[in-house]
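pasting the structure only:
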């Protein structure tokens, strides 16, 4: 049965569309051959989270971030679509948090609950705000700052009680110390402020850099692999054979130079035979003289005669003096 051209074109077009869809999904981190149950989670903030970031349960990756979209125009929440590719029972009271480590990729971690009812396709997980590195550092230092402020207040009270005992110079010194401590405390508070503090900005920049490194992990791995291949090829190169070949060539070159210096062969004779040089010089001189004479007295060599006798002698078959002939 003959297939028409229209059928062939239609079939090729359908195949190209299927390949395009599969390639697009693959580039977005979607595997159409695995299980792809979709569940959802709402977060007020998704800093650092991107499509295709992993979904982790107890350290095991069970899926990827499939997509993100705003809940409404006021951005009251951001809905994250989670694609599960493993057959895992997730209790309904499980809690999802966004984890952003200093030297790791941002991921969604699911802490399993104890419910006997499990999440099914289309359900929405409970979420909880996860403190960032700056927030955790701030929460750790807040009690320390409060203790320092309390100590400064107690010290100020003690100084007021000692006013009647201490002389003016000592009072001024203690007041300067308290003022310096107060200034240092305020500077430390500004440094550790979660929103505008220099430490918070530095940690945010560090998280951004590590996130970029994690996003380019595949490129870095490919570069390292290429370097390993190049070094392997360099290590496997047959340098011994190349060196041996070069040594053989140098030996042949030395032998050739020795033959030239010893007047062996044509080139050696030309370079070292003085007699041959003199003969070539004499020949050149004779040829120059002949050409000059022909130019100055051409009638000696060319004579046009209408009635002259024709020279019936044949041409010479060899030079009068042949220096190359064997005696």
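Yep, it's here. Computed from a predicted structure; not experimentally measured. Numbering: from 1, shown residues only.

now the strands: where do they sit in the stretch 51-200 of the chain?
54-57, 60-70, 78-84, 95-99, 107-111, 124-127 (DSSP state E, counting those that start in this stretch).

give me the pLDDT for residue 240.
Each residue has a pLDDT score; the one for residue 240 is 78.

what does residue 53 give?
92.

domains for this protein, by residue range?
By the record's domain assignment, the chain is partitioned as 1-33, 35-130, 134-212, 240-293 (automatic domain parsing).

now mean neighbour count too, for the strands of the stretch 51-200 of the chain, in a markdown table please.
For the C-beta atoms, the positions are set from N, CA and C on the backbone; glycine is no exception. Formatted as a markdown table, those follow (neighbours: other C-beta atoms under 10 Å):
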| stretch | mean neighbour count |
| --- | --- |
| strand 54-57 | 19 |
| strand 60-70 | 16 |
| strand 78-84 | 20 |
| strand 95-99 | 19 |
| strand 107-111 | 20 |
| strand 124-127 | 17 |
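
contacts only, for the closest residue to residue 55 other than its chain neighbours.
Nearest residue to residue 55 in three dimensions, chain neighbours excluded: residue 63, at 4.0 Å (C-beta to C-beta, 6 or more residues apart in numbering). The neighbourhood of residue 63, defined by C-beta atoms under 8 Å, 6 or more residues apart in numbering, consists of 54, 55, 82, 83, 84, 85, 86.

how far away is the closest residue to residue 61 other than its chain neighbours from residue 284?
Leaving aside its chain neighbours, residue 61 sits nearest to residue 54 (4.5 Å; criterion: C-beta to C-beta, 6+ apart). Distance, residue 54 to residue 284, by C-beta to C-beta, to the nearest Å: 90 Å.

then residue 11?
As for residue 11, its distance to residue 284 is 84 Å (criterion: C-beta to C-beta).

same check, this time on residue 50
Distance of residue 50 to residue 284, computed by C-beta to C-beta: 86 Å.

ok, now residue 201?
Distance, residue 201 to residue 284, using C-beta to C-beta: 89 Å.

quick one: which of these two has more around it?
A direct count of neighbours by other C-beta atoms under 10 Å for residue 201 and residue 284 places residue 201 higher, at 13 against 10.

secondary structure element for the more buried one?
Element membership for residue 201, per DSSP states H and E: helix 198-215.

any weak-confidence spans in the stretch 1-150 of the chain?
The stretch 1-150 of the chain contains residues with pLDDT under 70 at 1-2, 25-36, 102-104, 130-142.

in it, which spans are helices?
Counting by DSSP state H, counting those that start in this stretch, one finds helices in the stretch 1-150 of the chain at the ranges 5-27, 133-161.

ok, so what distance separates the residue lying closest to residue 117 once chain neighbours are set aside from residue 240?
Nearest residue to residue 117, sequence neighbours excluded (C-beta to C-beta, 6+ apart): residue 92, at 4.8 Å. Using C-beta to C-beta, residue 92 is found at 70 Å from residue 240.

run the chain-centre distance for the helix or strand containing residue 276.
Using DSSP H and E, residue 276 sits within helix 274-296. In terms of C-alpha atoms, centre = their mean, to the nearest Å, the centre of helix 274-296 is found 72 Å from the chain centre.

which helices and strands sit right next to that helix?
Counting contacts by 3 or more C-beta pairs under 8 Å, 6 or more residues apart in numbering; DSSP states H and E, helix 274-296 is packed against no other helix or strand.
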